[in-house]
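K.L.:
here is my input, please return the structure:
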Amino acid sequence: MRIVDSALLTMALIAAVVPSAPAQSNPRLQAFFEQSVGLSHDEIEYIRNGIPVVKTLPPRMPAEVFLFGAVYIHAVPESYLEFVLDFDRMRRLPNYQAFGVFGNPPRLSDLDGFTLDREDVRDLQKCHPGDCMIQLPGSAMEELDRSVDWFAPDASQ
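P.N.:
Prediction:
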């Protein structure tokens, strides 16, 4: 299953079991948030009140990044999925930054149009194993140093 499919399925399941009114609660969802994700009672209340919550989860190995995010969406799961799968419509949203789907298997062309801002490029340039603002394997940091001219006008590409 592709990462995007897994994420959408997770969002759909959360949307399906999130209570329809902030004052209600779902014991199974509450237990999942507390036991599986490690959310505090305050974080769960934020979600119930429409405030998004993001939490970094422990990776299995240093090259991995695991994030959990939840937000209450007042919508029927099917209509929400229809909306988020309409990529052209998503791209027209005012706060849209980037959206794409990786192929299976992923290809370099999946990143066409992807760029980094100056700050991200500076952070990547400074990356060294054990000291990097962006979580990357050491081999990727070494490859970046060998292959990127950090001072070129198109370094962000």
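K.L.:
got the CA positions of stretch 91-100 in PDB?
P.N.:
Coordinates of each C-alpha in stretch 91-100 appear next as PDB, following Å, rounded to 0.1, in the frame of the first residue of the first chain:
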ATOM      1  CA  ARG A  91      -3.600  22.800  -5.700                       C
ATOM      2  CA  ARG A  92      -6.000  25.800  -6.100                       C
ATOM      3  CA  LEU A  93      -6.400  26.200  -2.300                       C
ATOM      4  CA  PRO A  94      -4.800  29.500  -1.100                       C
ATOM      5  CA  ASN A  95      -2.500  27.900   1.400                       C
ATOM      6  CA  TYR A  96      -1.400  25.100  -0.900                       C
ATOM      7  CA  GLN A  97       2.400  24.600  -0.800                       C
ATOM      8  CA  ALA A  98       3.000  21.300  -2.500                       C
ATOM      9  CA  PHE A  99       1.200  18.100  -3.100                       C
ATOM     10  CA  GLY A 100       2.200  15.000  -5.000                       C
END
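K.L.:
any idea how far residue 125 is from the closest residue to residue 118 other than its chain neighbours?
P.N.:
Excluding the flanking residues, the one nearest residue 118 by Cβ to Cβ, 6 or more residues apart in numbering is residue 156, at 7.3 Å. C-beta coordinates here come from the backbone N, C-alpha and C atoms, glycine included. Residue 156 sits 11 Å away from residue 125, going by Cβ to Cβ, to the nearest Å.
K.L.:
span of stretch 127-143 from start to end?
P.N.:
Distance across stretch 127-143, first residue to last, is 11 Å (Cα to Cα, to the nearest Å).
K.L.:
contacts for it, please.
P.N.:
For stretch 127-143, contacts defined as Cβ atoms under 8 Å, 6 or more residues apart in numbering pick out 59, 62-65, 120, 123-124, 126, 144.
K.L.:
who wins on neighbours among these?
P.N.:
Counting neighbours by other Cβ atoms under 10 Å, residue 124 comes out on top of those with 21 neighbours.
K.L.:
pLDDT score for it?
P.N.:
Here, the pLDDT recorded for residue 124 equals 84.
K.L.:
burial check on residue 115, number of neighbours?
P.N.:
As a burial measure, residue 115 scores 12 neighbours (other Cβ under 10 Å).
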